[in-house]
Structure formats: structure tokens, C-alpha cells
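Visitor: Everything below, folded, please.
(chains A and B)
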Protein chains: 2
Amino acid sequence: MAYAQNLIAALFISFTSFSQSILVISPEILDLFSLNHVFAHRKIPNDNAMYCESWRFTVETNDIGFWTLIPQKCTSFVQDYMTSGRYSSDSSAVADQSLAFANTVNVSNDGMDAWIFDIDETLLSNLPYYINHGFGSEIFDEVAFDKWVNEAEAPAIPASLKLYKELHQRGFKIFLLTGRSEFQRNDTEKNMVYAGYSNWERLILRGPSDKGKPATQYKSEKRKELEDEGYRIHGSSGDQWSDLVGFAVAQRSFKLPNPMYYIA
Amino acid sequence: MAYAQNLIAALFISFTSFSQSILVISPEILDLFSLNHVFAHRKIPNDNAMYCESWRFTVETNDIGFWTLIPQKCTSFVQDYMTSGRYSSDSSAVADQSLAFANTVNVSNDGMDAWIFDIDETLLSNLPYYINHGFGSEIFDEVAFDKWVNEAEAPAIPASLKLYKELHQRGFKIFLLTGRSEFQRNDTEKNMVYAGYSNWERLILRGPSDKGKPATQYKSEKRKELEDEGYRIHGSSGDQWSDLVGFAVAQRSFKLPNPMYYIA
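Guide: As a prediction, this is how the structure comes out:
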């Protein structure tokens, strides 16, 4: 396996260095290319990768709207994205932008400056579960996933843990707003501590009256309650657009990557 | 040049085929990897490409917020993205999702079903201009860009042109809502016709009272006016988040790719 990885790395390095030396060509030369070339769909074997990259674009921008499973032909692509360092790199870039914004906030000492975090694929990674469940290519198995939640061993997304600690240090009150249900409160707290999180202000889970509500509605209502309590919601972090949009939205919202599943 | 391109293609193909045969490994084997590996930042020579991919993620999700120039070290990356077929592929994927949604709309015969398009980098491509201006790595040159607009020779983004025609055929009234100014009306109409567009319902440009307004405000106000006229704004397409958010937003918004510049 290490051999294969080295080979991939070597190939990738030579490809990267090679392409960079080629791609730095003068604008005058590039100008000679017809735009037909640029816009042509090339039916060459990398079409599958290109298709999956573009599918991911529509997922992360929310252009795709509602979806259930990742395209079957993108299973290897998503697996590669999630495990090759790309996912980690994207998560870090989002955390960096979040912290850059947080640094512009004048945190008051009245204790009312808030930041909201979703939990799954935002603070905790369920990648160990999805590695065994097709990276989003299999129909969601609620029983198996609840069992995984019950084990309370999801690791932190490292960039998110670092961001979380920095925000807490700067005086933000941290609210955890998750689509998980009240019956999972203990497991969730246990897992958060296991992953290295502490000092949150409140953990908000779906109660009986939230059952069946779309996530956008449920999370908007909970944000509104925080606003009504006087909290200023500066930032909100989530891997789903339903974590971020609706009403009572944060001053700035931060979309984390997640090409594995969609929550309406 | 053709030789170099073939060489790149060949390398890419072998890399892709090779990695796919490697990456389809059983979950059990993958499970053996530590997540530390997955989340580790690997300081290998592809870090630059990885950095730029992740920078682009924060651009397209709007996580980055306000920005001016692309990172200098991403000039080759953006050039490659824009001209290698990736941009074209992403544009097509967005158009496909837009049409899939449009097909679910019950278009009435009262002529009030509307779709809004931004123009630059949404219907028309200014890539021929940006090829000569560093792909967003140079400070915006308003004089040179206005001269380019005045030439009225920007080509259509093919996937957008196809979408546009399909929407018109289905009975949507098409509104062009652009940040360009009234003094550019003739050039803009001329360019749109040159690129193959026709039959729009109205071309809305910035008038004297819109000068200096942030795009989000200007575009929201114009959408509100259309709503007040009774139009049902089903879809909105734009390469900038400021085309899509604010108030009087469309039922569904479609973010097109643009890693070259940002408009607040």
C-alpha cells in the first residue's frame, strides 16, 4: 500500500511540475486558441473525474438542490476526495476564513457574542462510518448510523477543533445546533468530549416538537430563539446549506465541505 | 503546443486510470488507515495546487467573503481551471441543474413566469479579456475593460446559451439584470445578439440612481420591482453571490463558477 501511495504521489508530482511548466505560457500564445477549444467537451477518459468534480461543484454551491445518493460512478472520486487530503485541505481553508472573520469582530464583555456550530461533518467527522458505508453511495441506514453515534467515537475535524478553541478563547459563546435528537444528548456530549471539545454554552438537539421539521426551519427557529435572548450571532458553521440559510441567519455563514450526503 | 497538450492528456489519463485501480480498495483495508493520515497536511509539492483548489472552494461557497485579487501563486491554477475544460464542465453542470429545476415549473400562460440572468460570466464570457489580463491576478482596469465591453465581442458560455434558449422555449420571460451601466446598453445588446441571444423581455442596467449601490442591494431592488409587477421569479442565474442573495430572491438560485473576480 505504501508503495502504491508513493507511486501515486510520484506520478502526481511529476504531473504537477510538468503541467506548471507548460501552463505558464504567455497570454499572447493562449489568445491564439479558439474559445471553442476551451468550451469543447472532450470525450477522453478523464471525463468521469471531470463529471464528478462538476457534480461536487453543484453540491457545494447548492445548485443541485435536493439529492439522495452520490452518483454511483463518483464513489471512487468521493472516496479519493475524502481520504487523499483534499477534504482536509478544504476544511482547513474554511476554518481559516472563519477565523479571519472572527478576528474582525469586536467581542464585547457582556457575553452575548455567539457562534453556532453544527456537529456532524462540522465539528465531528463520521468518516470512519462512511468508509464502511460507501461514502454516501449507499442508502442511509438509520439503525447502523445510530449505533455509530452511540459508540461516541467520531474524531474531531482538526481544523474545526482548532477554530472552536480559538473562538472560545476570543470570548465567543459557542452554541451547538444539531439535527441529532434529544435521546442522543448523552452520546453526543460524550463524543464531543472524546474528540477534545469543551466549554460550549449550550447543546441544542431536536426535541419532540421539532420532529419532522425540515432542518432549515428547525435551525432557523432555534437561531431566532437565541436572537430573542439577546445573542448576536456573528458566525455560523455547517456542512449543509440547511445549517446556514432560512431566517435569523448569522452575520457570516461558513459552508464546510461534504460531498457524501445531503440534509434538506 | 499540440504535442505538449497530448503529453499532458496522456499523463493525466495514465494517472487517472492508475489511481482508479488503486482507489477501489475494500473498506476494510481503508479502515486500517489512521484518520491522522487523512487529516494530515502533507507538505509535498502538490501543496500549491491543493491550496488553490481549497481557495477556490472558499470562493465558490462564499466562505471567503470580500476579496480583490486571486492569490498570486494561484495564477497558473486559475488559468488552467479556466482553459482546460474544467470551467466549461462546471458551467454545463450548473446549466443542467437549472434546466432540471425549470422542468418542474408549471409555466402558466399568463406570461408572468420569470427567470433572471446576470450577464458577465453568466451568459457572456469575458475570458478573452482575462486571458490578456492575468486571469484575475491583476488590479481591475476599468478603462481597458470598458473598451472590451465596447467591442461587443464576448462569446456566449455555450451551456448558458443552450439553457437560455430552452427556458425561452418553455415560456419563461427572461430578464437580464446586470451591473453594467445604462451607457453600455447599446454595446450590451449588440454583444448579446453577436453571441446568439435573443428574445429577452427586458435588459436592466444600473441607472443614475443605482450608482455606488452594492450589487446585492441594486439587484434585490430590481427583483423586488419585478415581483411588484406580478412576476413569479422561479430561477436566477449568476456567477456572483451578489447576483443571488439579498431580498426578493428567486425560488431557486444557481451559482455559476467564477474564480477570477469578486463583486460585492
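Visitor: would you list every one of the strands in the stretch 151-264 of chain A?
Guide: A:173-181, A:202-206, A:232-238, A:252-255 (DSSP state E, counting those that start in this stretch).
Visitor: show me the contacts for A:S236.
Guide: Going by CB atoms under 8 Å, 6 or more residues apart in numbering or on different chains, A:S236 touches A:W115, A:I116, A:F117, A:R223, A:D243, A:L244, A:V249, A:A250, A:R252, A:S253, A:F254. Every C-beta, even on glycine, is put in place using the N, C-alpha and C of the backbone.
Visitor: go on, A:S54?
Guide: Applying CB under 8 Å, 6+ apart, the residues near A:S54 are B:R86, B:S89, B:D90, B:S92, B:A93.
Visitor: Let me know the helix or strand that it is in.
Guide: Using DSSP states H and E, A:S54 maps to helix A:47-60.
Visitor: just the angle between that helix and helix B:47-60, please?
Guide: Interaxial angle, helix A:47-60 versus helix B:47-60 (axes from the mean of the first three to the mean of the last three CA atoms, to 10 degrees): 40 degrees.
Visitor: Can you dump the C-alpha atoms of the helix or strand following helix A:47-60 in CSV for me?
Guide: Proceeding N to C from helix A:47-60, the next assigned helix or strand is helix A:75-83, under DSSP H and E. Output of helix A:75-83 as CSV, limited to C-alpha atoms (Å, rounded to 0.1, in the frame of the first residue of the first chain):
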residue,chain,number,x,y,z
THR,A,75,-17.9,6.6,-5.5
SER,A,76,-14.2,6.3,-6.1
PHE,A,77,-14.0,10.1,-6.7
VAL,A,78,-15.7,10.9,-3.3
GLN,A,79,-13.5,8.2,-1.6
ASP,A,80,-10.4,9.9,-3.0
TYR,A,81,-11.6,13.4,-2.2
MET,A,82,-12.4,12.4,1.4
THR,A,83,-9.2,10.5,2.1
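Visitor: pLDDT of helix A:75-83, averaged?
Guide: When pLDDT is averaged along helix A:75-83, the result is 97.
Visitor: name the helices or strands packed onto that helix?
Guide: Counting contacts by 3 or more CB pairs under 8 Å, 6 or more residues apart in numbering or on different chains; DSSP states H and E, helix A:75-83 is packed against helix A:47-60, helix A:127-131, helix B:2-23.
Visitor: helices or strands next to the shortest one in the packing?
Guide: Which is helix A:127-131. Taking 3+ CB pairs under 8 Å, 6+ apart as the contact cut, helix A:127-131 packs with helix A:75-83, helix A:142-151, helix B:27-31, helix B:35-39.
Visitor: Spell out which residues of the stretch 151-264 of chain A are next to chain B.
Guide: Proximity of the stretch 151-264 of chain A to chain B, by CB under 8 Å from any CB of the partner chain, involves residues A:P155, A:I157, A:P158, A:R252, A:S253, A:F254, A:K255, A:P257.
Visitor: Would you check that the first one makes contact with A:S125?
Guide: Yes - applying CB atoms under 8 Å, one finds A:P155 in contact with A:S125, separated by 5.5 Å.
Visitor: Look at these two and report which has more neighbours.
Guide: Counted by other CB atoms under 10 Å in any protein chain shown, A:P155 and A:S125 do not tie: A:S125 has more neighbours, with 24 against 20.
Visitor: Give me the nearest residue to the more buried one, chain neighbours excluded.
Guide: Excluding its sequence neighbours, the residue lying closest to A:S125 (CB to CB, 6 or more residues apart in numbering or on different chains) is A:I157, at 5.0 Å.
Visitor: can you check A:Q97 too?
Guide: The shortest distance from A:Q97 to any non-neighbouring residue, by CB to CB, 6+ apart, is to B:D63 (4.8 Å).
Visitor: need the contact list for the one you found.
Guide: Contact partners of B:D63, counting by CB under 8 Å, 6+ apart, are A:A93, A:V94, A:Q97, A:S98, A:F254, A:K255, B:F57.
Visitor: out of those, which one sits closest to A:K73?
Guide: Minimum distance to A:K73 across the contacts of B:D63 is 22.0 Å, recorded for B:F57 (CB to CB).
Visitor: what about that closest one, neighbour count?
Guide: Using other CB under 10 Å, B:F57 has 24 neighbouring residues.
Visitor: List the contacts of the residue of the stretch 151-264 of chain A found nearest chain B.
Guide: Nearest residue of the stretch 151-264 of chain A to chain B: A:K255, at 4.2 Å (CB to the nearest CB). Counting by CB under 8 Å, 6+ apart, A:K255 touches A:E60, A:V94, A:G238, A:D239, A:W241, A:L244, B:T61, B:N62, B:D63.
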